[in-house]
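Trainee: A structural model of the following input is requested.
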Amino acid sequence: MLKTLRKSLIFILPLVLINFVMGMVEVYFPILEGSITDTLYAHDGAGFLKYSVAFLLLLVLYPLIYVFVDFAAYFVKIRILEKEMFNNLDFIFYKDIRTLENAGYVASRIYDDLDAGLEDFIIFLTGLFYIAGVVVNGTITILRTHFFLSTIFIISVFIVNIFAARMHGTLYRLAEKVSESEGFLKGIILDFVKSYQVIRNLLGFHGVIRNRLIDYINKTFGTILKLKTRSFVIAHAGSTLNYVIMFAFISLGSFEVLKGRLTLGEFITFIGTIGLISRYIGTGLSLLPEMVKSWKYMERFYEFVKLRETDYYVVGENILVENLKVSYGDRVVLNGITATIKKGERVLIKGRNGTGKTTFANVISGILKPDAGKVILPKTVSSLTQPVEFPDVKIEDLVDDETLKEFKLETLKDKIASTLSAGQRQKLAVAIALSKDADAYILDEPLANISPDDRKFFKDKILSKTEGKTLIVISHGRYFDDEGFKILKFDG
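Mentor: Next comes the predicted model:
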């Protein structure tokens with residue numbers, strides 16, 4: 001996935017660097033606060049004015065820059081999302097038609113997985129670099145202020161927060177157990193409600209069964225309470241230990257001020273900076289598992305679009321199927337079908353509804369993987385199978401002017417494809433199928449919904465545009481019966 005995303009992630013690099021610098025700049029708040037305090041106590045008017053103006057400028061500009069960077073991150077996400085979706089739209093050529101029939105699921109996987117994963121990934125990545133900026137500049141600042149105390153503090157904070165990060169895993173497991181116990185309890189209550197006729201009698205008597213039921217509920221509640229108590233303790237252990245460390249170093253810093261080894265301004269800088277470091281290290285460690293989660297969303301997206309479900313056939317001159325079997329769930333539609341259609345041959349497929357004609361057409365169109373059987377198809381196949389659907393876009397964006405003119409469809413140019421009538425959709429679909437230069441053409445009910453006045457024109461187009469090529473037509477009508485087609489009968 002890194003190889004696929006590499007070019008897109010270059011757009012994030014400037015954001016990452018800006019966030020790192022922004023993190024470093026945040027440390028200047030406690031630095032300036034300390035400097036203002038020292039110049040005030042030293043009655044240094046010029047110094048006080050200089051640091052106060054710098055602090056006010058930082059106070060005004062920093063939020064504005066932060067908002068700009070936040071917007072830039074959103075803009076970059078949208079651009080990458082657009083680029084990645086555009087680059088991966090050809091996934092549709094490699095998906096089984098059964099997958100694509102569940103359009104809502106496919107659309108959700110394509111957009112939601114990439115959107116959610118990418119947005120969170122950018123937020124977490126830029127956030128981690130912001131934190132890195134705070135920690136790097138903060139560490140340098142406190143080491144300059146008091147080397148010994150700073151060294152002990154940094155070691156203590158890292159130990160505590162690594163411990164807290166490890167506890168996150170325990171928290172997730174406890175949360176799962178709580179959820180299981182609550183689900184179990186809900187199941188008991190549901191059973192009670194469904195069995196109300198019997199239960200209402202049991203609850204009216206102080207019998208053994210009633211007492212057992214009450215004990216059962218009490219034990220389950222007891223388990224939930226224990227699990228939630230452990231979760232509460234673990235969830236607050238890390239923050240509590242950080243508060244203890246902060247209190248300890250505030251006390252030690254105060255002692256250093258009393259001893260004259262730290263000025264009051266240095267003390268304010270030290271305390272403010274260790275507060276930032278402590279908070280952001282904890283935040284950074286908690287971001288890591290969330291970043292992994294967002295990465296998994298993106299992995300799921302790329303696994304879905306890269307999975308080639310239609311690689312079930314080999315390329316050859318003729319169309320050949322051998323011992324073909326196709327089923328939808330438990331319903332077997334085609335079983336043991338063997339057929340050969342030679343290059344340049346014209347075949348008319350006949351049969352009742354439900355005998356598998358469209359399924360067969362989908363298999364030899366390269367869009368429906370059979371459960372079993374050998375399939376050989378020509379290199380390029382242009383097919384039209386039912387149902388005929390179009391996206392919500394202008395026809396001029398789908399089909400070139402030359403094709404529209406050739407098929408007498410110029411009047412549809414400015415229309416939205418999805419709003420066309422059944423007959424207009426059919427004409428446009430036939431035009432698109434025939435506009436492609438292919439080795440074989442597979443047309444499922446190509447003249448369906450086309451008015452009698454236009455039927456001959458489109459029939460003649462089908463015959464002329466496919467001359468010398470393999471042509472397979474499925475038709476209930478008798479429109480192609482007198483054209484010398486080889487008949488392939490489906491009896492079901």
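Trainee: Let's see stretch 456-475 as CSV, backbone CA atoms only.
Mentor: Coordinates of each C-alpha in stretch 456-475 appear next as CSV, following Å, rounded to 0.1, in the frame of the first residue of the first chain:
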residue,chain,number,x,y,z
LYS,A,456,-34.9,-1.7,-38.2
PHE,A,457,-32.4,1.1,-38.0
PHE,A,458,-30.7,-0.3,-34.9
LYS,A,459,-30.9,-3.9,-36.1
ASP,A,460,-29.1,-2.8,-39.4
LYS,A,461,-26.5,-1.0,-37.3
ILE,A,462,-25.9,-4.1,-35.2
LEU,A,463,-25.4,-6.2,-38.3
SER,A,464,-23.2,-3.7,-40.2
LYS,A,465,-21.0,-2.6,-37.3
THR,A,466,-20.2,-6.2,-36.3
GLU,A,467,-19.6,-7.6,-39.8
GLY,A,468,-16.6,-10.0,-39.8
LYS,A,469,-16.6,-10.1,-35.9
THR,A,470,-18.1,-12.6,-33.5
LEU,A,471,-21.7,-11.6,-32.6
ILE,A,472,-23.9,-13.2,-30.0
VAL,A,473,-27.4,-11.9,-29.6
ILE,A,474,-30.0,-12.9,-26.9
SER,A,475,-33.5,-12.2,-28.1
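Trainee: Next, the buried residues of it.
Mentor: 458-459, 461-462, 465-466, 469-475 (16 or more other C-beta atoms under 10 Å). Heads up, the C-betas are built off the backbone N, CA and C, glycines and all.
Trainee: in stretch 66-79, what's buried?
Mentor: So for stretch 66-79, counting by 16+ other C-beta under 10 Å, buried means 69, 72-73, 76-77.
Trainee: quick one: contacts of it?
Mentor: Residues outside stretch 66-79 that contact it (C-beta atoms under 8 Å, 6 or more residues apart in numbering): 11-12, 15, 18-19, 22, 118-119, 122-123, 126.
Trainee: Among the buried residues of stretch 456-475, name the ones in strands.
Mentor: By the criterion of DSSP state E, membership of the buried residues of stretch 456-475 in strands covers 470-474.
Trainee: I'd like those residues as TSV, with pLDDT and distance to S156 appended.
Mentor: Below are those laid out as TSV (pLDDT from 0 to 100; distance: C-beta to C-beta, whole Å):
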residue	pLDDT	distance to S156
T470	93	77
L471	94	79
I472	93	76
V473	93	80
I474	90	76
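Trainee: For those, work out which two are farthest apart.
Mentor: Across those, the two members that end up farthest from each other (C-beta to C-beta) are T470 and I474, 14.3 Å apart.
Trainee: Provide the secondary structure category for D414.
Mentor: coil (DSSP: H, G, I helix; E, B strand; the rest coil).
Trainee: from what I can see it touches D401, true?
Mentor: No - D414 lies out of contact with D401 (C-beta atoms under 8 Å); the separation is 11.8 Å.
Trainee: To what extent is R331 buried, counted in neighbours?
Mentor: Neighbour count of R331, defined by other C-beta atoms under 10 Å: 7.
Trainee: give me the beta-bridge partners of it?
Mentor: For R331, the beta-bridge partners are Y328 (DSSP bridges).
Trainee: what sits against S451?
Mentor: G423.
Trainee: do you know how far it is from F457?
Mentor: 10 Å (C-beta to C-beta, to the nearest Å).
Trainee: again with A237
Mentor: Distance from A237 to F457, by C-beta to C-beta: 79 Å.
Trainee: for G344, same thing?
Mentor: G344 is 24 Å from F457, by C-beta to C-beta.
Trainee: again, but for D401
Mentor: Taking C-beta to C-beta, one finds D401 at 19 Å from F457.
Trainee: residues touching G484, list them.
Mentor: R346.
Trainee: do the same with the one 3 residues further on
Mentor: Neighbour list for I487: 347-348, 350 [criterion: C-beta under 8 Å, 6+ apart].
Trainee: Same question for S278.
Mentor: 157, 242, 245-246.
Trainee: Let's have the residues you listed in a markdown table, adding distance to S327, pLDDT and secondary structure.
Mentor: Converted to a markdown table, the contacts of S278 look like this (distance: C-beta to C-beta, whole Å; pLDDT from 0 to 100; DSSP: H, G, I helix; E, B strand; the rest coil):
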| residue | distance to S327 | pLDDT | secondary structure |
| --- | --- | --- | --- |
| V157 | 61 | 84 | helix |
| N242 | 60 | 77 | helix |
| I245 | 65 | 87 | helix |
| M246 | 66 | 86 | helix |
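Trainee: top of those by neighbour count?
Mentor: Each of those was scored by neighbour count (other C-beta under 10 Å); the top score is that of V157, with 22 neighbours.
Trainee: How much space separates the closest residue to it other than its chain neighbours from V135?
Mentor: Nearest residue to V157 in three dimensions, chain neighbours excluded: S278, at 5.3 Å (C-beta to C-beta, 6 or more residues apart in numbering). Relative to V135, S278 is positioned 10 Å away (C-beta to C-beta).
Trainee: now swap in S108 and tell me
Mentor: Computed as C-beta to C-beta, the S108 to V135 distance reads 38 Å.
Trainee: Break this protein into its domains for me.
Mentor: Using automatic domain parsing, the domain parsing of the chain gives 2-306, 314-490.
Trainee: rank those domains by pLDDT, which is bottom?
Mentor: For the domains of the chain, mean pLDDT drops lowest on domain 2-306, to a mean of 80.
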